[in-house]
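Trainee: quick one, structure for this:
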Amino acid sequence: MSDIETFGEAFPELILEIVADHGRNCHKVLLHIWNGSKPSTACRFRRGSAVYIPKIPTAGLAALVRLPPESKRFHSIQRLVSSLRDTFSKYANLDQEQCDLLVGFVFASWFSDLMEISPELCIHGPHASVNQVLRILGCCCRRPALLGNVDVNALATLPTGLHTTLLFSQRHLGVRLKKVLASSNRRHFAVCSGTRLLDLHGAKAYAGSRPATEEPAVQVNVSPSLNFIPALSDKDEQLISHLFQAMLLRYRMEKYNIVRDLDVNYGELIPEMRDQARAWLAPLFGFDPLRSVVYRHLLLQSREMEENAYSDLRCLVLESALFFCHSKDIQGFFVRDIAEKVNVLLKGRHEERTISNRSIGSILRELGIYGKRCAKGYHVLLTRATREQIHRLARDYRVLSVRNDPPGPCKRCASESRSERIQ
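Mentor: Below is the predicted model of the structure:
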């Protein structure tokens with residue numbers, strides 16, 4: 001049987017990871033094996049009839065990827081987190097909350113291949129300061145690549161399965177590159193460019209704003225500082241990298257199965273935030289203080305997204321439909337009625353736009369609320385089933401007027417539904 005080249009494998013009884021042979025030949029790549037209790041390193045590993053050998057990332061952008069040395073003990077997550085905090089504080093002069101978010105991103109990067117969605121970080125501030133933070137992340141994150149200027153063709157050289165942490169110093173990304181990056185974050189969905197398949201699933205950090213998607217990203221601000229900040233020399237970078245890469249690799253190997261199977265309590269987070277929250281919170285299961293800081297930041301973003309949803313057309317349509325559900329003696333509505341209510345709500349929320357009847361009809365169908373066309377227009381009959389559907393959707397979309405209501409239709413709708421059945 002031919003050898004199987006691999007960047008890493010996870011089996012029930014052991015984990016394989018590629019590492020750089022820093023002690024003997026920095027250009028050689030070895031397999032690091034964790035059997036659940038102790039590590040070992042070899043040029044090849046036999047499991048049953050299969051023989052695994054390390055796949056060497058040498059072509060294209062893969063040649064820039066930093067690989068860890070053999071793993072070493074990290075003693076405790078408390079000490080590891082404290083050391084990472086001190087490093088970010090020393091070289092970036094950040095307050096503890098900003099340091100904690102960066103430390104949280106570091107841990108998230110080491111488990112991004114297990115998550116449905118890639119963790120993302122946006123770093124705002126003076127270019128020189130942001131670049132220094134990116135360099136520190138490049139010392140600590142899993143398989144990092146620091147990118148000053150890159151395009152889709154360059155990203156296409158990354159091999160499948162490497163799960164590189166991409167650290168972008170480039171602030172202005174091309175339109176094509178933005179589209180590719182924006183669609184690359186979900187693990188189970190392929191990204192194709194022409195005849196090429198791009199595997200870009202992995203943690204990403206951006207200098208400034210990242211490509212616009214429906215997914216949230218954690219924000220960190222690096223403020224200008226008058227205090228002395230030491231320069232990060234090449235020697236410092238090598239020492240930091242060698243220290244943290246080894247300990248974080250051991251943390252990944254020891255906690256791999258726990259993080260993979262961990263259920264996360266999402267608390268008050270909206271559904272759109274939950275995949276991102278799991279990517280950030282699951283790797284921190286052993287250290288509640290840091291986990292709490294990251295959760296608090298995610299919760300603030302969740303509430304902001306929830307506030308923005310008040311102007312989401314689906315929410316506005318459902319809010320308007322609820323008005324008719326709750327109005328006495330109204331047995332149905334026309335699309336134009338909903339459009340009129342939606343435009344009143346938009347005006348009251350200082351939105352300078354007007355929505356057409358056609359757009360409202362499309363949204364109703366998207367929500368699964370159907371009616372019949374008649375001489376006066378498109379009419380939706382408020383049957384018991386339709387009322388229940390509108391209430392359920394309004395609750396699921398967290399429409400403002402029903403946020404604190406119990407599940408199911410209101411008492412008036414329930415009463416009217418009983419009247420329908422009696423008639």
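Trainee: what does stretch 289-307 contact?
Mentor: The contact list for stretch 289-307, computed with C-beta atoms under 8 Å, 6 or more residues apart in numbering, reads 81, 97, 100-101, 103-104, 216, 218-219, 267-270, 272-273, 276-277, 280-281, 284-285, 398. (Each C-beta comes from the backbone N, C-alpha and C, glycine too.)
Trainee: let's see which of those end up in helices.
Mentor: Among these, the ones falling in helices (DSSP state H) are 81, 97, 100, 101, 103, 104, 276, 277, 280, 281.
Trainee: tell me who's in contact with the third one.
Mentor: Yep, that's residue 100 we're talking about. With C-beta under 8 Å, 6+ apart, residue 100 has these contacts: 85, 290, 293, 294.
Trainee: which among those residues count as buried?
Mentor: 85, 290, 293, 294 (16 or more other C-beta atoms under 10 Å).
Trainee: sorry, back to before: ChimeraX command to pick out the buried ones of the contacts of stretch 289-307?
Mentor: This is how ChimeraX selects the buried members of the contacts of stretch 289-307, with burial counted by 16+ other C-beta under 10 Å:
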select :81,100,101,103,104,216,218,219,269,270,273,276,277,280,281,284,398
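Trainee: the helix or strand where residue 235 lies - contacts with which helices or strands?
Mentor: For residue 235, the enclosing helix or strand under DSSP states H and E is helix 234-261. Identification of packing neighbours for helix 234-261 by 3 or more C-beta pairs under 8 Å, 6 or more residues apart in numbering; DSSP states H and E yields strand 15-21, strand 25-34, helix 77-92, helix 96-109, helix 127-140.
Trainee: now with 10 Å?
Mentor: The helices and strands touching helix 234-261, judged by 3 or more C-beta pairs under 10 Å, 6 or more residues apart in numbering; DSSP states H and E, are strand 8-10, strand 15-21, strand 25-34, strand 39-42, helix 77-92, helix 96-109, helix 127-140.
Trainee: give the contact list for the closest residue in space to residue 345 that isn't next to it in sequence.
Mentor: Spatial nearest neighbour of residue 345, excluding adjacent residues (C-beta to C-beta, 6 or more residues apart in numbering): residue 316 at 5.3 Å. By C-beta atoms under 10 Å, 6 or more residues apart in numbering, the contact set of residue 316 is 309-310, 338, 341-346, 349, 351, 355, 360, 363, 399-400.
Trainee: how about residue 222?
Mentor: 92-94, 98, 102, 123-133, 207.
Trainee: which among those residues end up buried?
Mentor: 92-94, 98, 102, 123, 125, 129-133, 207.
Trainee: identify the farthest-apart pair in the ones in helices among the contacts of stretch 289-307.
Mentor: 81 and 276 (20.6 Å; C-beta to C-beta).
Trainee: tell me what the helix or strand where residue 391 lies is packed against?
Mentor: Taking DSSP H and E as the definition, one finds residue 391 inside helix 384-396. Counting contacts by 3+ C-beta pairs under 10 Å, 6+ apart, helix 384-396 is packed against helix 313-326, helix 411-422.
Trainee: could you tell me the least trusted of those helices?
Mentor: Mean pLDDT is lowest for helix 411-422 out of the helices and strands packed on helix 384-396, coming in at a mean of 46.
Trainee: and residue 205, that's in a strand?
Mentor: Yes: looking at residue 205 with DSSP: H, G, I helix; E, B strand; the rest coil, it is inside a strand.
Trainee: quick one, grab the pLDDT at it.
Mentor: Reading off the model, residue 205 has pLDDT 96.
Trainee: next up, the contacts around the closest residue to residue 244 other than its chain neighbours.
Mentor: Excluding the flanking residues, the one nearest residue 244 by C-beta to C-beta, 6+ apart is residue 140, at 4.6 Å. Going by C-beta under 10 Å, 6+ apart, residue 140 touches 66, 84, 87-88, 102-103, 105-107, 109-110, 165, 240-241, 243-245, 247-248.
Trainee: and with 7 Å instead?
Mentor: The neighbours of residue 140, taking C-beta atoms under 7 Å, 6 or more residues apart in numbering as the test, are 84, 106, 244, 248.
Trainee: and if you look at residue 130?
Mentor: 123, 207, 222.
Trainee: with adjacent residues omitted, what lies nearest to the last one?
Mentor: Distances taken as C-beta to C-beta, 6+ apart put residue 125 closest to residue 222, at 3.2 Å, once the chain neighbours are dropped.
Trainee: my guess is that neighbour contacts residue 221. True?
Mentor: Yes: Residue 125 lies in contact with residue 221 (C-beta atoms under 7 Å); the separation is 6.0 Å.
Trainee: domains for this structure, by residue range?
Mentor: What automatic domain parsing lists as the domains of the chain is 4-56, 77-305, 312-422.
Trainee: returning to what we had before: I'd like the buried ones among the contacts of residue 100 as JSON lines, with secondary structure appended.
Mentor: What follows is the buried ones among the contacts of residue 100, written out as JSON lines (three-state DSSP):
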{"residue": "85", "secondary structure": "helix"}
{"residue": "290", "secondary structure": "helix"}
{"residue": "293", "secondary structure": "helix"}
{"residue": "294", "secondary structure": "helix"}
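Trainee: coming back round to it: residue 369: which of the buried ones among the contacts of residue 222 is nearest?
Mentor: For these, the nearest to residue 369 is residue 123 (42.7 Å; C-beta to C-beta).
Trainee: does that closest one sit in a helix, a strand or a coil?
Mentor: strand.
Trainee: how much space between it and residue 5?
Mentor: 35 Å (C-beta to C-beta, to the nearest Å).
Trainee: same question, residue 149
Mentor: From residue 149 to residue 5 the distance is 30 Å (C-beta to C-beta).
Trainee: who's more crowded, the two?
Mentor: When neighbours are counted by other C-beta atoms under 10 Å, residue 149 and residue 5 differ, and residue 5 comes out ahead with 13 against 10.
Trainee: could you check which helix or strand contains that one?
Mentor: strand 4-6.
Trainee: how about residues contacting that strand?
Mentor: By C-beta under 7 Å, 6+ apart, the list of residues contacting strand 4-6 reads 16, 50, 51, 52, 53, 54, 55.
Trainee: now, of the residues you listed, which are buried?
Mentor: The neighbour-count test (16+ other C-beta under 10 Å) applied to the contacts of strand 4-6 identifies 16, 52, 53, 54, 55 as buried.
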